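Participant: requesting a structural model of the entry that follows:
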Amino acid sequence: MPSWSGCRETSPHSCRIAGHGQGRARRDHAANLLQYPVALFGILRAGLTVVNVNPLYTPRELEHQLEDSGAKAIVIVENFASTLQQVLGNTHVEHVITTQIGDMLPRPKRWIVNLVIKRVKKMVPAWRIEGAISFRTALVRGAAMTLRPVEVMREDIAFLQYTGVPRDCERRDAHPPQHPCQRRADGHMDLGQLQGRLRDRNRAVPMYHIFCLTSTIAFMKWAV
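Facilitator: Numbers count the residues shown, from 1 in each chain. Okay, here's the model as predicted:
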């Protein structure tokens, strides 16, 4: 499903997610989709903490991470919403935003992709979560709101990053706001000479993985 989304396209969408989500701690469960960077930067712009989630987690693993992080909201791909449904009542999550895989694709491609995944390939298990809203609804609502400036302190936490080896005994690492920025600066020094060769490379590692997350931020300098 080739589609390009650079800084110019991502920025206004992330502002809408930020406007809709201010005042809520959020988790990002959107895997390697265009929705991921939109949600990621929207969460950060709202002054909230990002907690990346492995979409392949079992209900037990997902419940542990939701409870341990104290998340109040989650952005999740519809394909995994049934897993969330099983444990939602045991967590502090109050707001659920669901997205379909093709939600950030242009029409009619978006309609075709979502239809095939849901109705033809039947890749979306049945689920029902009261009060959940769609990703595109969140974008519309956010566009009608005003994003208030947020003062971010150096001691505030930008990311809670979990490592799961083994996954039942995860370790949580807290990264302050300057951490990804510092990694980005380091990345420019180490990777600048590779700009010409790597700017068009695909990112195969899952975005919730700390290496891919950090290296992607490092290459944001060259995004258009």
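Participant: report how many residues lie close to residue 121.
Facilitator: Close neighbours of residue 121, defined as other CB atoms under 10 Å, add up to 9. From N, CA and C alone the C-beta is placed, and that goes for glycine too.
Participant: next: residue 114.
Facilitator: 18.
Participant: now for it: which residues touch it?
Facilitator: Residue 114 sits next to 100-103 when contact means CB atoms under 8 Å, 6 or more residues apart in numbering.
Participant: ok, those vs residue 119, which is closest?
Facilitator: Using CB to CB, residue 100 comes nearest to residue 119 of the contacts of residue 114, at 11.6 Å.
Participant: I figured residue 126 was touching residue 85, is that so?
Facilitator: No. In this structure, residue 126 is not within contact of residue 85 by CB atoms under 8 Å, at 9.2 Å.
Participant: mind checking which of those two has more residues around it?
Facilitator: Ranked by neighbour count (other CB under 10 Å), residue 126 and residue 85 place residue 85 first, with 18 against 7.
Participant: and the nearest residue to that one once chain neighbours are set aside, what pLDDT?
Facilitator: Among residues not flanking residue 85 along the chain, residue 127 sits closest, at 5.0 Å (CB to CB, 6 or more residues apart in numbering). In this model, residue 127 is scored at 97, pLDDT.
Participant: thought residue 127 was touching residue 77?
Facilitator: No. In this structure, residue 127 is not within contact of residue 77 by CB under 8 Å, at 11.1 Å.
Participant: sketch out the low-pLDDT regions of the chain for me.
Facilitator: Within the chain, the segments meeting pLDDT under 70 span 1-31, 164-205, 216, 219-224.
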